[in-house]
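Engineer: Here is a sequence together with a model predicted from it:
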Amino acid sequence: MGTLTYFPGCSLKDNAKRFEDAAFFVMEQLGSPLLELEKWTCCGTVYSLTSDDLMHQIAPVRNFVRAQQAGSDEIVALCAMCYNTLARTSQRINADEEERTKINAFMNKEPDYEGSVRVRHLLQVLRDNVGWATLTDKAVRSLEGLKVAAYYGCTLVRPDEVGIDDMEHPVVMADALEAVGAEPVTFPFEAECCGTYQIVDEPHLALEQSGRILRSAVRAGAHAIVTACPLCQHNLEQAVGALSEGGVEGIKNIQVVYFTELLAAALGADEGNLTPAVRDLLAACVPAEGGV
Amino acid sequence: MARTKTIPRENLRERVEELSGENVFACYQCGMCSSGCPYAEQMDRLPSQVIRDLQLGDASLLDSNAMWVCASCLACEVRCPKGVDLAKLMEALRQIHLRKAVDRMSLDKLSKDDIRKLPQIALVASLRKKSG
């Protein structure tokens, strides 16, 4: 499979750095290191839903041009929102020569975008290229006994054209965690909206959504709710705080972690590189850390 | 509200259809969107009522909070039996305000501390959705 051209996006360099660090480690261990796209720019975060708004397709296209220059026809994203925005733009602009011509005419520094870059999420790479059996083979620390609620949110599964799995009952993240010994729980809010950017100016809206998701995961007996998006992660963490203060039972004990953090732990990341949340979770595993 | 005075109110359906590329008359009011919308109870009109108002050309819809509460999670879009993309209709309603420079969100609303604590992904998304 070789190296993968990796698109980070803004939050992966800041509050979600641990999401990225763990992914680098995981893919190194699996023999397909992530190589960061040079001079990447913001994806735009949300895909523009108006028909006449080509301007907002340009940020993703600039990144496709960078990939093209690097000789790559594929970009791999980690952040679910970046994945969605880039993938939707790539589908639209790759299929529409007229729109591509307009965008190429507008961009004056870059070479023309030829329309052949596709976008995938790291979970797709793990499922379709690495495979669960390889993940199991490479694991040196079993997560057996750890109950996980794999939380997908919106942008990994909707709309259907870019969804990486079944939109009503996705399994890809649960399968990845199961491959390293964890026990996925069934919880009905796995693909409900976390409240997204409403956390900025209407926090009650976001906390209500994230609160429902958390309560559902706690009721299902999960030790951890596992995410693939810095914004889902942020909102769920905020909701843990808000609900714990409200005295909701069991909430304080649940951890919110990125899927790459658990995979990195399973693939042998040094204890010192794990966050306190992940170290806590390893303590829940039976047998506790037998090593190889 | 003073804000609505600057927003053109005529031909609402036509303008929304042009911006969204959707046909609002495809909707037969089954209510699937409203039943699955995680935000419906926070809206002063249900998602299906938003489409009904568009069908009827009821411009009071522009004063509703529904378009601002909608977060484009697409739960409605993937479940609509008639293939109506309600998220695009909501975006068009937002754009009708935002393209007249009537912003719903600005950084002035936040303290420096808020801005420091919020991840960029939240700030950029919020400003993209709620300012022009």
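Structural biologist: Good, I have the coordinates.
Engineer: average model confidence for the longest helix along chain B?
Structural biologist: Looking across chain B with DSSP state H, the single longest helix is helix B:86-98. Averaging pLDDT along helix B:86-98 gives 97.
Engineer: That helix: how far from the chain's middle?
Structural biologist: 5 Å (C-alpha atoms, centre = their mean, to the nearest Å).
Engineer: any low-confidence regions in chain B?
Structural biologist: B:1-5 (pLDDT under 70).
Engineer: One more pass at 90, please.
Structural biologist: Chain B contains residues with pLDDT under 90 at B:1-10, B:100-102, B:132.
Engineer: Would you mind giving the domain segments of it?
Structural biologist: Per automatic domain parsing, the structural domains of chain B span B:2-101, B:105-132.
Engineer: Let's have these in CSV, adding distance to residue A:50 and mean neighbour count.
Structural biologist: (Each C-beta comes from the backbone N, C-alpha and C, glycine too.) Shown next, in CSV, are those (distance: least, C-beta to C-beta, whole Å; neighbours: other C-beta atoms under 10 Å in any protein chain shown):
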stretch, distance to residue A:50, mean neighbour count
domain B:2-101, 5, 18
domain B:105-132, 12, 17
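Engineer: for these, which one sits closest to residue A:280?
Structural biologist: domain B:105-132 (22.7 Å; C-beta to C-beta).
Engineer: Ends of that closest one, what's the gap?
Structural biologist: The first and last residues of domain B:105-132 sit 9 Å apart, counting by C-alpha to C-alpha, to the nearest Å.
Engineer: same check, this time on stretch A:130-145
Structural biologist: Span of stretch A:130-145 from end to end, C-alpha to C-alpha: 24 Å.
Engineer: Can you list the neighbours in contact with that stretch?
Structural biologist: A:1, A:29-30, A:32, A:126, A:175-183, A:262-263, A:265-268, A:282, A:284-287, A:289-292 (C-beta atoms under 8 Å, 6 or more residues apart in numbering or on different chains).
Engineer: among those residues, which ones are buried?
Structural biologist: A:29-30, A:32, A:126, A:175-183, A:262-263, A:265-267, A:282, A:285 (16 or more other C-beta atoms under 10 Å in any protein chain shown).
Engineer: What about those, which are in strands?
Structural biologist: Judged by DSSP state E, strands contain the following of the buried ones among the contacts of stretch A:130-145: residue A:183.
Engineer: out of the buried ones among the contacts of stretch A:130-145, who's near chain B?
Structural biologist: Among the buried ones among the contacts of stretch A:130-145, proximity to chain B is found for none (C-beta under 8 Å from any C-beta of the partner chain).
Engineer: Up against chain B, what does the stretch 101-250 of chain A have?
Structural biologist: So far as C-beta under 8 Å from any C-beta goes, the stretch 101-250 of chain A lies against chain B at A:154, A:158-160, A:167, A:192-193, A:195-202, A:205, A:208-209, A:212, A:230-231, A:234.
Engineer: Residue B:75 is in contact with residue A:159, correct?
Structural biologist: No - assessed by C-beta atoms under 8 Å, residue A:159 is found out of contact with residue B:75, at 10.7 Å.
Engineer: could you show me where the strands are in chain A, in order?
Structural biologist: A:4-7, A:34-36, A:74-77, A:118-121, A:147-150, A:183-184, A:224-227, A:255-258.
Engineer: pLDDT at the residue nearest in space to the middle of chain A, what is it?
Structural biologist: Centroid-nearest residue in chain A, with C-alpha atoms, centre = their mean: residue A:228, separated by 2.7 Å. pLDDT, the model's per-residue confidence, is 98 for residue A:228.
Engineer: Residue A:284 too?
Structural biologist: 86.
Engineer: could you measure it against chain B, distance?
Structural biologist: For residue A:284, the distance to chain B (C-beta to the nearest C-beta, to the nearest Å) stands at 27 Å.
Engineer: The residue nearest to that residue when sequence neighbours are not counted: what's it in contact with?
Structural biologist: Using C-beta to C-beta, 6 or more residues apart in numbering or on different chains and skipping the chain neighbours, the partner closest in space to residue A:284 is residue A:223 (5.0 Å). Applying C-beta under 8 Å, 6+ apart, we find residue A:223 in contact with A:146, A:147, A:148, A:253, A:254, A:255, A:281, A:284.
Engineer: Now with 7 Å, please.
Structural biologist: A:146, A:147, A:148, A:254, A:255, A:281, A:284 (C-beta atoms under 7 Å, 6 or more residues apart in numbering or on different chains).
Engineer: Same check on residue A:99?
Structural biologist: A:54, A:93.
Engineer: Show me what counts as buried in stretch A:52-72.
Structural biologist: A:54, A:56-68, A:72.
Engineer: And stretch A:36-46, by the same measure?
Structural biologist: Buried, per 16+ other C-beta under 10 Å, within stretch A:36-46: A:37, A:40, A:42, A:43, A:44, A:45, A:46.
Engineer: try stretch A:113-126
Structural biologist: A:113, A:115, A:117, A:119, A:120, A:121, A:122, A:123, A:124, A:125, A:126.
Engineer: Same list (the residues you listed) but as a markdown table, adding pLDDT and distance to residue A:238.
Structural biologist: Listed next are the buried residues of stretch A:113-126 as a markdown table, based on pLDDT from 0 to 100; distance: C-beta to C-beta, whole Å:
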| residue | pLDDT | distance to residue A:238 |
| --- | --- | --- |
| A:113 | 98 | 38 |
| A:115 | 97 | 40 |
| A:117 | 98 | 35 |
| A:119 | 98 | 29 |
| A:120 | 98 | 29 |
| A:121 | 98 | 24 |
| A:122 | 98 | 25 |
| A:123 | 98 | 24 |
| A:124 | 98 | 29 |
| A:125 | 98 | 30 |
| A:126 | 98 | 28 |
